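Student: coords please:
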Amino acid sequence: MKTIWRVSNYLFAYRNLFILTILMAICMTALSISVPQVIHYVIDRILSVEGQPGASETTSGTIDMDTLLWGLVTIAGAYLLREIFNCLRIRINNTLEQRVLIDLRRDLHAKLLDLPVTFYDRRKSGDIASRVIEDVASVERAILDGTEQGTVALLSILGISVVMFFQEPIMAAAVFLPLPVLIFAGSRYFKARQKNWRDVRDATGDLNSHLVEDIQGNRLIHAFALKNREKERFHDKSETLRQKTLKAMFQWSVYSPTTSFITNLGNTGVVGIGGYLLATNHPGFSLGEFFAFLFYANMFYEPVRQLNNLNNMLSEGKASGDRVFEVLDYPITIRDDSKAQDFPKGDIHVEMENLSFCYPERAPVVENLNLELKPGTVTALVGHTGAGKSTIANLLLRFYDVEEGTVTLNNVDVRKIKLGQLRSNIGSVPQEPFLFDATVAQNLQFGKLDASEEELKEALQFARAWDFVQRLPEKLDTRIGERGVRLSMGEKQRLTIARLFLRNPPVLILDEATSSVDSITERKIQAALDELFVNRTTLVIAHRLSTVRRADLIVVLEHGRILEQGSHEQLLKKDGAYAELWRHQQDHIPEEDLHLSPEKTKA
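Tutor: Residues are numbered from 1 along each chain as shown. Alright, predicted model coming up:
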């Protein structure tokens with residue numbers, strides 16, 4: 001119930017709309033309850049009138065046609081008014097529903113943006129998307145529809161019960177006989193259904209994750225001829241979802257008919273007792289009252305059936321709500337300190353002292369590391385895969401917090417700097433650049449939202465990207481597809497550099513920025529980067545040593561420790577690990593080939 005109550009808070013934020021919805025429902029209920037009373041009156045009236053003007057002769061007496069006509073018009077009018085109120089209720093309810101949906105999704109999305117990288121390290125993107133779209137809709141449907149329908153059902157049961165007990169307590173007691181059984185069965189069913197629906201929601205998230213992977217990895221699937229394998233995997237996950245869904249539905253297939261049978265037994269009791277009262281000429285019990293009770297019995301059991309149906313809806317909503325609040329309740333471990341400071345002014349001096357860090361369930365990645373990035377200099381990290389290079393960059397950006405030691409900017413611990421300012425003042429060019437499914441201009445404006453067209457042109461020219469952008473169909477207004485799929489890797493890298501130029505941060509991090517491009521494109525990117533490095537504190541991560549030979553300081557890492565450091569020439573003279581890496585790469589790619597001009601390449 002805690003989950004349901006928490007979601008209800010979103011509903012109560014629009015209490016006026018909710019109250020209006022309930023008022024419309026109350027009016028509908030009152031009109032529905034009035035119909036059997038009209039029937040009661042008309043039947044008793046037309047059977048008791050004899051020989052009045054306008055009456056028609058029948059074998060059982062005379063019928064007052066005026067009363068009959070009045071009754072028909074009144075009943076039709078009540079139904080018409082009820083549907084008018086129903087129309088208003090639906091419109092108000094839909095408005096309320098969409099507002100609650102947007103609020104819940106907005107909060108969930110905002111939380112996803114605030115969550116640390118560790119949250120995403122352990123979860124599939126398709127499952128997260130499933131929680132935002134499908135689970136939120138399921139929760140909203142259960143709470144909003146459940147609250148409204150449940151309120152209407154309870155009001156109907158209360159109103160009909162008062163009328164029935166006022167008119168004939170014996171008949172009313174017969175209608176109530178099945179209720180204890182229905183309440184007991186409903187409570188048992190609700191408990192059993194919660195786990196089943198949680199399994200269904202988890203299986204749905206797993207299937208969505210697989211679908212997202214297939215979409216994102218479409219080219220790899222075609223390249224490796226994996227279509228049949230992926231079809232089998234998708235079929236297996238779909239089959240798992242089918243089985244879990246059927247398991248949940250099979251329980252409903254037993255529960256729903258059982259409750260319907262029990263309520264029909266109540267109707268049978270009403271017919272039996274009512275027939276007996278008529279046959280024995282029970283005082284005050286008329287044929288009109290008998291017909292009215294038949295209507296009331298059906299009207300009474302209809303909201304009872306609705307409550308039983310809500311049992312199923314609430315079970316599904318509870319399971320989805322648990323998944324939604326699992327995200328909303330996830331602790332934000334990377335947050336601003338209570339006394340967070342602004343980003344330091346002036347040239348930035350980065351120091352890492354006695355730094356140690358390890359990922360969950362893994363050996364230490366960085367151990368007792370001491371490193372200094374002097375203002376206006378380029379520091380390069382090199383080493384084998386897994387040496388801890390990217391981890392150091394992540395710690396500087398505070399994607400993770402250090403376990404031991406400190407990372408400081410101008411003697412201020414990064415944990416004491418406002419997180420938004422820290423990351424907006426550190427520009428990053430990752431190995432795999434991320435571009436949005438938007439136009440070239442819109443992607444660049446993520447670096448500077450109010451950038452003019454002239455500024456965009458300047459940034460593109462700086463990044464050696466202006467020429468290829470001019471060749472695009474719509475130039476700056478060309479949509480480049482999801483993750484920039486319509487561009488080459490080199491083109492995407494240059495757009496990323498242009499975006500970084502617009503941001504103009506004092507600190508730069510380049511993580512294998514040219515590892516996926518050819519040597520000619522690398523020269524263009526490197527030329528742009530060399531200009532970008534001027535008067536900035538820069539950290540470069542590279543496997544290709546040709547890209548860092550001009551760095552002011554080269555640091556060789558192994559298993560999170562510094563083996564040696566110095567300039568390119570100094571490290572070659574030491575003839576240590578760096579020199580060995582350099583010779584190894586030169587054996588495969590001669591140095592002169594790294595700097596061929598485009599003309600020589602064409603020749």
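Student: and the most centrally placed residue in the chain, what is it in contact with?
Tutor: Nearest to the mean C-alpha position of the chain, by C-alpha atoms, centre = their mean, lies V132 at 1.7 Å. With contacts defined as C-beta atoms under 8 Å, 6 or more residues apart in numbering, the neighbours of V132 are 105, 108-109, 112. C-beta here means a position set from N, CA and C on the backbone, and glycine is covered the same way.
Student: who's in contact with stretch 456-463?
Tutor: 441, 444-445, 447, 451, 466, 469, 476, 494-495, 497-499, 501-502, 525, 528, 531-532.
Student: can you give me how far that stretch is from the chain middle?
Tutor: Chain-centre distance of stretch 456-463: 36 Å, with C-alpha atoms, centre = their mean, to the nearest Å.
Student: Report the buried residues of it.
Tutor: 456-460, 462-463 (16 or more other C-beta atoms under 10 Å).
Student: circling back to that earlier point, could you flag which of the contacts of V132 are buried?
Tutor: 105, 108, 112.
Student: Closest one of those to F18?
Tutor: Nearest to F18 among those: R105, at 19.0 Å, using C-beta to C-beta.
Student: and stretch 298-314, which residues are buried?
Tutor: In terms of neighbour count (16+ other C-beta under 10 Å), stretch 298-314 has its buried residues at 299-301, 303-304, 306-314.
Student: Which members of these are positioned in helices?
Tutor: Using DSSP state H, the members of those that fall in helices are 299-301, 303-304, 306-314.
Student: ok, so of those, who is nearest T118?
Tutor: L314 (33.0 Å).
Student: Need the pLDDT of the closest one.
Tutor: Looking at L314, its pLDDT stands at 73.
Student: ok, so what distance separates it from L581?
Tutor: Distance, L314 to L581, using C-beta to C-beta, to the nearest Å: 62 Å.
Student: Give me the sheet partners of whichever strand or helix holds E564 and which way each runs.
Tutor: In the assignment (DSSP states H and E), E564 maps to strand 561-566. In the sheet, strand 561-566 lines up against strand 553-558 (antiparallel) (DSSP bridges).
Student: Would you indicate which residues of the partner strand are buried?
Tutor: Judged by neighbour count (16+ other C-beta under 10 Å), strand 553-558 contains these buried residues: 553-557.
Student: now the residues you listed in CSV, with distance to S34 and pLDDT?
Tutor: Below are the buried residues of strand 553-558 laid out as CSV (distance: C-beta to C-beta, whole Å; pLDDT from 0 to 100):
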residue, distance to S34, pLDDT
L553, 88, 90
I554, 89, 89
V555, 85, 89
V556, 88, 89
L557, 83, 87
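Student: now, the most widely separated pair of the residues you listed?
Tutor: Using C-beta to C-beta, those span at most 12.8 Å, a distance reached by L553 and L557.
Student: what sits against Q341?
Tutor: Contacts of Q341 (C-beta under 8 Å, 6+ apart): 412, 416-418.
Student: one more time with 6 Å
Tutor: Q341 sits next to 416-417 when contact means C-beta atoms under 6 Å, 6 or more residues apart in numbering.
Student: Got phi/psi on it?
Tutor: phi -110, psi 160 (degrees, to the nearest 10).
Student: can you check the one 5 residues further on too?
Tutor: Backbone torsions for G346, taken as degrees, to the nearest 10, come to phi 80, psi -170.
Student: what's the distance between the residue nearest to it when sequence neighbours are not counted and N425?
Tutor: The shortest distance from G346 to any non-neighbouring residue, by C-beta to C-beta, 6 or more residues apart in numbering, is to N410 (7.2 Å). Going from N410 to N425 by C-beta to C-beta gives 12 Å.
Student: V152 now?
Tutor: 56 Å.
Student: cool, D477 as well?
Tutor: Distance from D477 to N425, by C-beta to C-beta: 30 Å.
Student: of these two, who's got more company?
Tutor: In this view D477 and N425 are compared by other C-beta atoms under 10 Å, and N425 has more residues nearby, 19 against 11.
Student: need the contact list for the more buried one.
Tutor: Residues in contact with N425, defined by C-beta under 6 Å, 6+ apart, are 343, 505-506.
Student: which one of those sits closest to Y400?
Tutor: Among those, F343 lies closest to Y400 (C-beta to C-beta), at 19.3 Å.
Student: Look at the closest one and give its secondary structure.
Tutor: Per DSSP: H, G, I helix; E, B strand; the rest coil, the local secondary structure of F343 is coil.
Student: And the pLDDT for it?
Tutor: F343 is given a pLDDT of 90.
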